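Visitor: Dropping a prediction and its sequence here:
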Amino acid sequence: MAAPGAGGGVPRHIAIIMDGNGRWAKKRGLPRKAGHAAGAETFRKIATYCKDIGVEYLTVYAFSTENWTRPQDEVQAIMDLLEKYLKESIEKMEKDGIRLRILGDPTRLSPGLQALIRETDAITDRVQGMQVNVCLNYGGRDEILRAAKAWSEAGGEMTQEAFSRYLDTGMMPDPDLVIRPSGECRISNFLLWQSAYAEFYFTDVLWPDFSPRELDLAIESFRKRDRRYGGVK
Ligand code: IPE
Ligand code: IPE
Ligand code: MG
């Protein structure tokens, strides 16, 4: 099958709730952290595929503000994977042509992770290419509150456009397509403001099993949608 990018119509901004790692591991009699490791590999594959087909922005939900309630060893395993990914990315970002941003509130993260995020930020602006946003200690409500606080300190006219700039996504375009694997049909506090007019795609496939073929199916579905934005055609 030709890459969807070939015929145009590829969403400019794709957002993914990377869900189902735990169930994937359970099905195989493995510890949940094995599911997170498999999910991290899927993320790499899908990010590369998105770049190949011409997606400009990819935003993935890696750890929510609510995920801290999980057992400590699971939280630690996820943080270790993220740290490993960030370290590798810092070395490879320029070569891979990927602009990496970490969205969310960094203040609750370990000093090591916070330092890696600062390092990433320092490099990413000089990289040309697809932007990958990894949402880490991210919650849509938390983001809106942080933005409201920052805006009230700065002052100025309160318009939707002005307010958007205080969100973690700043000047980025809103997501066109939000994908949630694993069979859950909910948003779980992801990009609440930004997904106002996003198209949603749900699939039963668990995130570690998600493949470029699955992404093609999501894009195919997206292309058939009639985006009216409240208007009539
Ligand atoms: C998504 O997979 C990863 C995180 C939320 C960190 P889950 O760990 O939620 O997997 P399930 O939903 O339990 O299968
Ligand atoms: C959403 O998945 C968060 C991430 C994928 C990072 P959850 O597994 O935390 O969401 P719920 O609990 O099913 O709503
Ligand atoms: Mg889940």
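Guide: Okay, I see it. Ligands and ions are numbered 1, 2, ... in the order given.

Visitor: switch to C-alpha atoms for all contacts and neighbour counts from now on
Guide: OK.

Visitor: From ligand 1, how far off is residue 214?
Guide: 17 Å (CA to the nearest ligand atom, to the nearest Å).

Visitor: Need phi/psi at residue 134.
Guide: phi -110, psi 120 (degrees, to the nearest 10).

Visitor: and it, what does it touch?
Guide: 59-62, 100-103 (CA atoms under 8 Å, 6 or more residues apart in numbering).

Visitor: and the helix or strand encompassing residue 218, what does it pack onto?
Guide: Per DSSP states H and E: residue 218 is located in helix 212-223. Other helices and strands packing on helix 212-223, by 3 or more CA pairs under 8 Å, 6 or more residues apart in numbering; DSSP states H and E, are helix 32-53, strand 199-202.

Visitor: Quick check: helices, which of the contacts of residue 134 are part of them?
Guide: Among those, no residue falls in helices (DSSP state H).

Visitor: Output these in a markdown table, with pLDDT and neighbour count appended to each entry.
Guide: Formatted as a markdown table, those follow (pLDDT from 0 to 100; neighbours: other CA atoms under 10 Å):
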| residue | pLDDT | neighbour count |
| --- | --- | --- |
| 59 | 98 | 24 |
| 60 | 98 | 23 |
| 61 | 98 | 24 |
| 62 | 98 | 25 |
| 100 | 97 | 25 |
| 101 | 97 | 20 |
| 102 | 98 | 24 |
| 103 | 98 | 22 |
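
Visitor: among these, which are within reach of ligand 2?
Guide: Residues of the contacts of residue 134 in contact with ligand 2 (CA under 6 Å from any ligand atom): 61-62.

Visitor: From the contacts of residue 134, pick the one nearest residue 138.
Guide: Of all those, the one sitting nearest residue 138 is residue 103; the distance, using CA to CA, is 6.6 Å.

Visitor: measure that closest one to residue 169 for me?
Guide: Look at residue 103 and residue 169: by CA to CA, to the nearest Å, they are 7 Å apart.

Visitor: Name the residues linked to the residue nearest in space to the middle of the chain by a beta bridge.
Guide: Ranked by distance to the mean C-alpha position of the chain (CA atoms, centre = their mean), the top residue is residue 60 at 1.4 Å. Beta-bridge partners of residue 60, counted by DSSP bridges, are residue 16, residue 134.

Visitor: Up against ligand 2, what does this protein have?
Guide: 17-19, 61-64, 67, 188.

Visitor: What is the burial count for residue 159?
Guide: By other CA atoms under 10 Å, 8 other residues sit near residue 159.

Visitor: and if you look at the one 3 residues further on?
Guide: A total of 14 residues lie near residue 162 under the criterion other CA under 10 Å.

Visitor: helix, strand or coil for it?
Guide: Secondary structure state of residue 162, per DSSP: H, G, I helix; E, B strand; the rest coil, is helix.
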